[in-house]
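# Below are the sequence and a predicted model; questions follow.
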Amino acid sequence: MYACSKNEDEIMPEEKAITFSVPSNFPAPVYNFEQNKLSNAGFALGKKLFYGARLSADKSVSCGSCHQQFAAFANLDHKVSHGVNNCQGKRNAPPLFNLVWQKAFFWDGGVKNIETSPLNAITDACEMGTNIETIITTLKNTTPYPEMFKKAYGSTEINSQFILKSITQFLGVLVSGNSKYDKVMRKEGGISFTSDELAGYTLFKQKCTSCHAEPFFTDFSYRNNGLDLVTIDEGRSHITGVQTDFGKFRVPSLRNIEYTSPYMHDGRFYSLDEVLEHYNSGVKAAENLDAELKSGIQLNSLEKSQIKAFLKTLTDNEFIKNTLYSES
């Protein structure tokens, strides 16, 4: 099954209803759409806002600039996000999918609600560099936004609630749950792992799932994974004020990892080989180093190859190529 689809019973493609469904190997989501009812008009508005560069201070950057669909809505080949006036941020832009299962957002978990999460990018001086009031004024005076808001919410009124709820409709249906791994788990179509993939899966369950738990391949926790922190990024402690959270970052999902390089909060590793070698030989000691990494994760060349083979089964090409999510 595919998690976001259009009703095939309708005749005209533009009239097919946007729907949200939970993949059968996923638990119930944290966020639901009861107070933000999905609609074609709301989704279309949210998508247009997501890809709208004119909303940034210099009209050069949109959400889609740093979250590119072909990279599973990450920022391919950019260590950190690039914003208005060519300003470079301090963190790698994370991929966007399965967000309705998250209780907190960003590398440090500083935002607790998916609906307010876009405000960080909107107001950050090195991202979109603006504010919601300015955006509202721009939208009120820019075709076709007033009409799109009317279709979505029954009024030409444009306010922050409607803006954020519509963007959430778009973000909320970015569900990635149709990789080869998912099809194997759901026993679909006789699909099975190759011998290398199966060996990699076995190794992965032995060595990696304490942090990268199935089915999301993250446990959504914050951990110090032994980086040398050359960027002097406080990480989780910037939010909590707790010193033992210094250098802890959210465990990222490994879904679509094949296409979401570079890796880590600061984008320091450009390949999966570098990531695996970090855990094999590069883990740096720290007082709050995660207990699972005190001795690193020992991997020989064959094991690295097998784990990489398994990780590539987490690629969801249908998600990455789904035109429903593409800029019109």
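Received it, and whenever you're ready, just let me know what you need. Numbering: from 1, shown residues only.

# Run a quick neighbour tally on the residue lying closest to Val242 once chain neighbours are set aside.
The shortest distance from Val242 to any residue other than its chain neighbours is 7.9 Å, reached at Arg236 (CB to CB, 6 or more residues apart in numbering). C-betas here are computed from N, CA, C, even on glycine. When neighbours are counted by other CB atoms under 10 Å, Arg236 registers 24.

# if I look at Arg236, how far off is Arg250?
Here the criterion is CB to CB, to the nearest Å. By it, Arg236 lies 8 Å from Arg250.

# and for these two, which residues touch both?
Any residue near both Arg236 and Arg250 by CB atoms under 8 Å, 6 or more residues apart in numbering counts here, and that gives Asp108, Gly109, Tyr222.

# Could you export those to CSV, including columns for distance to Phe149, pLDDT and secondary structure?
Shown next, in CSV, are the shared contacts of Arg236 and Arg250 (distance: CB to CB, whole Å; pLDDT from 0 to 100; DSSP: H, G, I helix; E, B strand; the rest coil):
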residue, distance to Phe149, pLDDT, secondary structure
Asp108, 33, 97, coil
Gly109, 31, 97, coil
Tyr222, 37, 98, strand
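
# Next, format those residues as TSV and append distance to Ser305.
Rendered in TSV, the data for the shared contacts of Arg236 and Arg250 read as follows (distance: CB to CB, whole Å):
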residue	distance to Ser305
Asp108	33
Gly109	33
Tyr222	30
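
# picking up where we left off before, what pLDDT does the model give the residue nearest to Val242?
We note a pLDDT of 96 for Arg236 in this prediction.

# Repeat that for Ser328.
The per-residue pLDDT reported for Ser328 equals 75.

# Any idea how many residues pack against it?
Ser328 is flanked by 7 other residues according to other CB under 10 Å.

# I'd guessed it sits against Phe50; true?
No - under the criterion of CB atoms under 8 Å, Ser328 is not in contact with Phe50, lying 11.0 Å apart.

# In contact with the closest residue to Leu272 other than its chain neighbours, which residues are there?
Closest residue to Leu272 apart from its sequence neighbours, by CB to CB, 6+ apart: Lys308 at 5.4 Å. Contacts of Lys308 were listed using CB under 8 Å, 6+ apart, and they are Gly200, Leu272, Asp273, Leu276.
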